[in-house]
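Q: Any chance you could fold what I've pasted below:
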Amino acid sequence: MNGAWGKILTVDLTQETTGVLELEEAIYKRYLGGQALGAYLMFKDGTVGSDVPASDPRNALNFLVGPVTGAAPGGRSCITTKSPYSFNCATTAGGLTGSEMKFCGWDGVHVVGKASDPVYIAVMDDNIEIRDASHLWGMDHEHTENELNKVVHAKYNYRAESMLTTGEMPPLLAAKHPADPNKGIGNKRTSRSWVIGRAGENMMWNSAIMTEGARAHGRAGSGYVMGSKNLKGITFAGTKGHPLADKQAFMDVSRAIRTKMIAQFSWRNYGTATGWSNSMNTSCYPIRNWQEGSWEDPETLATISGPFMRASAWVKKQACRGCAQKCLTTAKVNSKNPMMDGTITDMPDWEAMGVLGSNLGFMTPDSQPLTWNEASEPYPGDVWDMHESNNKLLRSTFIHDDLGIDYIDNGENLSLLMELMQRNYITAADLDGINLVWGNIDAVNEMVYKMATRDGIGDKLANGAYETAKYFAALKGKPEIMNYVMTTHRYGQPAHTVRGGCKSALSYITTVKPNCHTEGSAEGQALIDQQDAAYNSNSMVICMFVRGTYGVDAITALTQAATGWKDWTNDETMAVGSRVASLCRIINMYTQMGDPEFTPQVWDGQAAWKWFNVPFTTGPWPKGTSLRYEDALVVDKDKLYNEKLPAYWTLRGFTPNTGVPTAAQLSKLGISDVCGNEAAEMISKYGE
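A: Numbers count the residues shown, from 1 in each chain. Coordinates of the predicted model:
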């Protein structure tokens, strides 16, 4: 077999055993890897039902790659499991850890069980060890990752004796870093790790699995599941390379892709932070819990923009393996606030810019924190105010990364609390005395640490934005508090809105990764094609942000060259995405069938109230720009649910009223034997 090793490492933490799951080539041809393979494994494990919650030791945590990971430009990694929010979790991230797992000779790691005490897993090719991690428990993610990468070595990257003595070193260097006879100077620290921070340890629902300081498997709570297993990290050091079928053909396609990448000037400079101006022009810039989508004065939003951040805090660029875009930028905070000063982090991407920046009021000058509130007013600050606003964004991004938290859902969590403070539904007394008002970075810093450690009120707020709204609605006897939470399918909305020009409401309702912004934005067949392309990329495990430089022809060509499947076509490439759409739609609903209040209509109806009721009043969009998907400045709820959604399900080959994949569709995709019984059970109970 080429492109894949044909085996997945299995680890049972309860039994403290390891094994090998061998997969036939036909399985890889149907699912490739990543998201699709993870969904297949959940059905194979028999853990799709509501009797296996996310924290159950039987719930598997899968670390997966695809056939081109480690060789193609822009490789990523994919982690799949069942989310604490009771839907499927399939979360991807950049970095080199997935490649290192591939170089160890594994297509994935399948972890079940729960360790009696904190542990980490060391994978050195075929040598697997479950090691004590008690000394790492309570440590934040960056320090944990550094410690693990120090002690896990491939066989060619370590020697016990020193290669250099102090006498052979320049005096100044020897004084600063004297030779240690117990350490081999020149040891290569090439190992890579996935780890959790304190948020995962304390099973914060929206906690993330992290790698390389700032690369997050952020969405849907994978860190919660890792923490529930007492698994602090998993580290790889590999020497086996990549089993490509046709190396020359593979390199020819890869070079063509890199040539296109090099021409992406904005992406290479700013990454997704290049999207700030388009978001302003289309009223898709989240402001104070999405009360508005753009400021009248563009100077305001320039405060939190790719060009200003690069000028204000740039240190150096970093890249995933083989990628010419280098979208991650190391940044440093230089601030008059000692809490923030000196923070080393990454330059935030667009999601962080939106949900942790303007959405928390960080464009507000410190000199006027509570008097400047109108989006229609001109920006009252100077360049130093802009610099400090940017510092707040950088610090907020850092604490979420280092603690290991999905900053999208938690950003919506924090902005919800700020709006409830603004509208006098809650006070600082409800938040352990923390004055969580717009623009207060010290309050944000304190509150996020409380959430991650479940300290005091942080315990109530650690279950995400939707659960926070439910808690205060019940506590205050004010059900209308639910109107202010920006979630769909109970999960936080990214920095793209349906009340402007960048997303359709239909795309958020139908994506199988609830409230995901990277899996389509259109409607009808165009949306299905966008989603299937994204699901294929998640199964190939290639970067969604360079997918446009690939194109379906290049993806197919890479698959052929990696695997040797000469009969692989563009239709096969897209069919993998269609399988994901069916498998994960079934998982999302079947796992909730134990809830007596659940129906498919209730599930799909869980969308943000503001979509349908609160139009934006400032910025370009309300002033005559033609709407992209909606007929008015708010979403027509009746049209969405009674016309657009049934039409979409029908195009998908799903039942029109409940959105369950039909027997004919599952047969067409060749997955009836995997999920046909569950689909039939749902149709029998909820109808078509």
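
Q: residues near D45, how many?
A: When neighbours are defined as other CB atoms under 10 Å, D45 has 16 of them. C-beta coordinates here come from the backbone N, C-alpha and C atoms, glycine included.

Q: oh, I was asking about T650
A: Here the count is done by other CB under 10 Å, and T650 has 14 residues near it.

Q: and it, that's in a strand?
A: No - under DSSP: H, G, I helix; E, B strand; the rest coil, T650 sits outside any strand and is assigned helix.

Q: Skipping its backbone neighbours, what lies nearest it in space?
A: P656 (5.0 Å; CB to CB, 6 or more residues apart in numbering).

Q: same thing with M124?
A: Closest residue in space to M124, ignoring its immediate chain neighbours: A237 at 5.0 Å, by CB to CB, 6+ apart.

Q: try R198
A: Of all residues not flanking R198 in the chain, A452 sits nearest, at 4.8 Å (CB to CB, 6+ apart).

Q: Report the contact partners of that neighbour.
A: 197-199, 202, 204, 207, 403-405, 458, 462 (CB atoms under 8 Å, 6 or more residues apart in numbering).

Q: Does the residue nearest to M124 touch M101 like I think?
A: No - the criterion here is CB atoms under 8 Å, and A237 misses it with M101 at 10.1 Å.

Q: Now do the shared contacts for the two.
A: Common neighbours of A237 and M101 (criterion: CB under 8 Å, 6+ apart): 123, 192.

Q: Name the secondary structure element that contains T330.
A: Assigned by DSSP states H and E, T330 belongs to strand 328-332.

Q: Can you give me the buried ones in whatever helix or strand comes next after that strand?
A: Proceeding N to C from strand 328-332, the next assigned helix or strand is strand 344-346, under DSSP H and E. Neighbour counts using 16 or more other CB atoms under 10 Å place 345-346 of strand 344-346 among the buried residues.

Q: Strand 344-346 - contacts with which helices or strands?
A: Contact here means 3 or more CB pairs under 8 Å, 6 or more residues apart in numbering; DSSP states H and E; on that basis strand 344-346 packs against strand 328-332, helix 383-403.

Q: which stretch in these has the least confidence?
A: Per-stretch mean pLDDT for these is lowest at strand 328-332 (a mean of 88).

Q: any idea how far the helix or strand containing A311 is from the chain center?
A: Using DSSP H and E, A311 maps to helix 306-313. Offset of helix 306-313 from its chain centre (CA atoms, centre = their mean, to the nearest Å): 24 Å.

Q: Mind listing what's buried along the helix or strand containing G676?
A: For G676, the host element (DSSP H and E) is helix 672-686. The neighbour-count check on helix 672-686 (16+ other CB under 10 Å) flags 672, 674-675, 678-679, 682-683, 686 as buried.

Q: and it, what does it pack onto?
A: Using 3+ CB pairs under 8 Å, 6+ apart, helix 672-686 sits against helix 34-45, helix 570-590, helix 663-669.

Q: Repeat the analysis, applying 6 Å as the threshold.
A: Judged by 3 or more CB pairs under 6 Å, 6 or more residues apart in numbering; DSSP states H and E, the packing partners of helix 672-686 are helix 570-590.

Q: Next, the buried residues of the helix it packs on.
A: Under 16+ other CB under 10 Å, the buried positions of helix 570-590 are 572-590.

Q: Just want the angle from it to helix 672-686.
A: Comparing the axes of helix 570-590 and helix 672-686 via axes from the mean of the first three to the mean of the last three CA atoms, to 10 degrees yields an angle of 40 degrees.

Q: what pLDDT, on average, does helix 570-590 get?
A: Helix 570-590 shows a mean pLDDT of 97.

Q: Moving along the chain from it, name the first helix or strand you hit.
A: Taking DSSP H and E, what comes next after helix 570-590 is helix 600-604.

Q: returning to that earlier point: please identify the helix or strand for the residue nearest to R198.
A: Taking DSSP H and E as the criterion, A452 maps to helix 441-453.

Q: Kindly format the C-alpha coordinates of the next helix or strand after that helix as PDB.
A: Counting by DSSP H and E, the element after helix 441-453 in chain order, helix or strand, is helix 458-461. Coordinates of each C-alpha in helix 458-461 appear next as PDB, following Å, rounded to 0.1, in the frame of the first residue of the first chain:
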ATOM      1  CA  GLY A 458     -15.700  30.200  36.200                       C
ATOM      2  CA  ASP A 459     -17.100  26.800  36.900                       C
ATOM      3  CA  LYS A 460     -20.500  28.000  35.700                       C
ATOM      4  CA  LEU A 461     -19.100  29.700  32.600                       C
END
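
Q: which residues are contacting helix 458-461?
A: With contact meaning CB atoms under 6 Å, 6 or more residues apart in numbering, helix 458-461 is reached by 450-451, 468, 471.

Q: Next one: the most centrally placed residue in the chain from S207, what distance?
A: In the chain, the residue lying closest to the centroid (CA atoms, centre = their mean) is G218, at 3.4 Å. Going from G218 to S207 by CB to CB, to the nearest Å gives 9 Å.

Q: any idea whether Y550 is helix, strand or coil?
A: Using three-state DSSP, the structure places Y550 in helix.

Q: how near is it to N127?
A: According to CB to CB, Y550 and N127 sit 35 Å apart.

Q: same question, K44
A: K44 is 26 Å from N127, by CB to CB.

Q: okay, those two: which has more neighbours?
A: Neighbour comparison, K44 and N127: the larger count goes to K44, with 16 against 11 (by other CB under 10 Å).

Q: Now the more buried one. Nearest residue, chain neighbours left out?
A: Of all residues not flanking K44 in the chain, V674 sits nearest, at 7.8 Å (CB to CB, 6+ apart).

Q: So for that neighbour, what's the pLDDT?
A: What the model reports as pLDDT for V674 is 98.

Q: what does T165 give?
A: You'll see T165 listed with a pLDDT of 66.

Q: oh, and call the first residue 6 from now on, that's how I've got it
A: In the new numbering, first residue 6, that becomes T170.

Q: follow-up on the earlier one: reformat the buried residues of helix 677-691 as a markdown table; add distance to T149.
A: Output for the buried residues of helix 677-691, formatted as a markdown table (distance: CB to CB, whole Å):
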| residue | distance to T149 |
| --- | --- |
| S677 | 43 |
| V679 | 36 |
| C680 | 37 |
| E683 | 38 |
| A684 | 41 |
| M687 | 41 |
| I688 | 46 |
| Y691 | 44 |
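
Q: nearest to F617, of the residues you listed?
A: Ranked by distance to F617 (CB to CB), the buried residues of helix 677-691 are led by Y691 at 24.0 Å.

Q: Double-check that closest one against V665; I have them as touching.
A: No - the pair Y691 and V665 does not pass the contact test of CB atoms under 6 Å, sitting 7.3 Å apart.
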